[in-house]
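**Q** curious how this folds, go ahead:
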Amino acid sequence: MLFSSITFLFMFLPVTMAVYYIVPKKFRNIVMLFASIFFYAWGEPVYIILMLLSILLNYFCGQDVEAKKEDIGKARRSLIFTVTMNLLLLGFFKYYGFLMDSINAVIPVDIPYRELPLPIGISFYTFQALSYIVDVYWGNVKPQKNILYFALYISMFPQLIAGPIVRYVDIEEQLENRIVSGRKLGQGALYFIRGLAKKVIIANMVGQIFEEITAMQIGSFSVLTAWLGCISYALQIYFDFSGYSDMAVGLGKMFGFEFRRNFNYPYISRSITEFWRRWHISLSTWFREYVYIPLGGNRCSASRHILNLLIVWMLTGLWHGAAWNFFLWGVYYGVLLILEKYVWGAVLDRLPSVARHIYAMVLVLIGWVFFFSPSLGYAFEYLGMMFGIGASGFIDGQAVFLLYTHWLLYLLALIGCTALGMRIINRIIGAFVHVRVRMTAAVVVYIGMFFLSVAFLVTDTFNPFLYFRF
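**A** From the prediction side, this is the model:
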């Protein structure tokens, strides 16, 4: 069930909120838990068993790690067992097909195997479970004794299928005691509507342009067509994923939870290092806390630091997808971060701001080609087209037509990639002098955004969500 669906907006969410606010406070976690299980089962009825298995495994192993704290060896063995089981569950469903394809590619005969569907959200809830068990072992948190509360932490529907990845240490107190108020409900609704508009109005529309371009024979691309396709995808994935994250943060607020923001205008970055401080913040934080720092971080020799960065970014690439193009995408960013740290970072800092921004965005766009390509061969061919290798020319009628007919969409999308979009909305609302009129104006603006989004949903069948496959 997508947040940007009529079923969610007009059936699941209103019913869940009504029951949640009606029942006594002590029953609200139970309402959220059953709503979350129903939400997941709606799309993945079979794999609800897998998620419940993950809940039971990590709940009881968390208790076991805590019980063995006096014997560090036993506690470590319990931790290793739990981490291994989590990774095996994730690896079997996510990487089994990739492993078999890779083996078949290098041996003379094909080994037959059965493709496994990827359970929705498994990458996200597995990483949440891993952060919990490691934090228990490190002593950062005490294990949750109430299994229903722990089950809610793993399965909470606002962030279950696409994040943000919520660490237990950040939500521990909220599971037992959180503030539910009309103010937070209103703030959450604004966040949600903003995210819905980003997803439905912008992401879906530029996504259709990207689909139209990539449906063409790649050999017919001009340089402009190739760049336009790549830019369209960059805009689609940003508004798609950040919109969904905004909806998740908003839903959390509506139910009294506080989730950290997952995006901070990444396309205004002036280096790749800055880009990854602003893009998918919860994933970057997870890898920093649970992989990079335990490996030694940057408090080691240069050679070891370089190795640490490569390991983290190879894993980051594979987290996003079980394919060699995702692996190469991760390595690509690892190498760029190493180069910025040890080779050209000082030179980059002395360049004008505009030059640094162009540098960062060109490299990010090149990275997206590896991300959206179905194969490495397609990726390199597409990159060749972007730089004139094999292209039909610099410009063609199709690209000009798409730009001419969608220039306003691209303008709105580019404005929305910066804080300027929110400043314009706030300026419109702030133009009214009286507070009551200003509040009324805000309500009118956001209600208008909501119903415009619903109108797009009703009239358009194109409503994918890119991060479902991760």
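
**Q** list the contacts for the residue nearest to G393 when sequence neighbours are not counted?
**A** Among residues not flanking G393 along the chain, S222 sits closest, at 4.8 Å (Cβ to Cβ, 6 or more residues apart in numbering). To be clear about C-beta, it is placed using only N, CA and C from the backbone, and glycine gets the same treatment. S222 makes contact with M385, A391, S392, G393, F394, I395, D396, Q398, A399, according to Cβ atoms under 8 Å, 6 or more residues apart in numbering.

**Q** tell me the SS of the fourth one?
**A** In three-state terms, and counting by DSSP: H, G, I helix; E, B strand; the rest coil, G393 is coil.

**Q** that one contacts A226, correct?
**A** No. Under the criterion of Cβ atoms under 8 Å, G393 makes no contact with A226, lying 11.2 Å away.

**Q** how far away is the residue nearest to G393 from G188?
**A** Going from S222 to G188 by Cβ to Cβ, to the nearest Å gives 45 Å.

**Q** going by neighbour count, which of the contacts of S222 are buried?
**A** Buried members of the contacts of S222, counted by 16 or more other Cβ atoms under 10 Å: M385, A391, D396, Q398, A399.

**Q** helix or strand right after the lowest-mean-pLDDT helix or strand in the chain?
**A** Lowest by mean pLDDT, DSSP states H and E among the helices and strands of the chain is helix 420-430, with a mean of 75. The helix or strand immediately downstream of helix 420-430 is helix 435-459, counting by DSSP states H and E.

**Q** tally of neighbours for the closest residue to F372 other than its chain neighbours?
**A** Nearest non-adjacent residue to F372, counting by Cβ to Cβ, 6+ apart: Y233, 5.1 Å away. The tally of other residues near Y233 (other Cβ atoms under 10 Å) stands at 24.

**Q** residues near L13, how many?
**A** For L13, using other Cβ under 10 Å, the count is 19.

**Q** which of the helices or strands spans it?
**A** helix 13-22.

**Q** what about that helix, distance to the chain center?
**A** How far helix 13-22 lies from its chain's middle: 27 Å, per Cα atoms, centre = their mean, to the nearest Å.

**Q** now do that helix: which elements does it pack against?
**A** In terms of contacts (3 or more Cβ pairs under 8 Å, 6 or more residues apart in numbering; DSSP states H and E), helix 13-22 is packed against helix 28-43.

**Q** what separates F98 from G91, distance-wise?
**A** Distance of F98 to G91, computed by Cβ to Cβ: 10 Å.

**Q** I should have written I122 there, sorry.
**A** 10 Å.

**Q** tell me the phi and psi of L116?
**A** Backbone torsions of L116, given as degrees, to the nearest 10, read phi -110, psi 130.

**Q** how many other residues sit next to it?
**A** For L116, the tally of surrounding residues (other Cβ under 10 Å) stands at 12.

**Q** so who does it touch?
**A** F92, F93, Y96, G97.

**Q** what is the nearest of the residues you listed to E172?
**A** F93 (28.2 Å; Cβ to Cβ).

**Q** dump the residue contacts of that closest one.
**A** Residues near F93 by Cβ under 8 Å, 6+ apart: L50, L116, P117, L118, P119, I122.

**Q** tell me how many other residues crowd the first one.
**A** Looking back up the chat, that one is L50. 17.

**Q** could you measure from it over to Y96?
**A** 14 Å.

**Q** ok so, going back, how about the buried ones among the contacts of S222 in CSV, adding distance to N86?
**A** What follows is the buried ones among the contacts of S222, written out as CSV (distance: Cβ to Cβ, whole Å):
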residue, distance to N86
M385, 41
A391, 46
D396, 49
Q398, 47
A399, 46
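
**Q** still on that earlier bit, packing partners for the least confident helix or strand of the chain?
**A** Helix 420-430 packs on helix 397-416, helix 435-459, going by 3+ Cβ pairs under 8 Å, 6+ apart.

**Q** now the ones you listed as JSON lines including mean pLDDT and distance to I218?
**A** As requested, the helices and strands packed on helix 420-430 are exported to JSON lines (pLDDT from 0 to 100; distance: least, Cβ to Cβ, whole Å):
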{"stretch": "helix 397-416", "mean pLDDT": "92", "distance to I218": "13"}
{"stretch": "helix 435-459", "mean pLDDT": "84", "distance to I218": "30"}
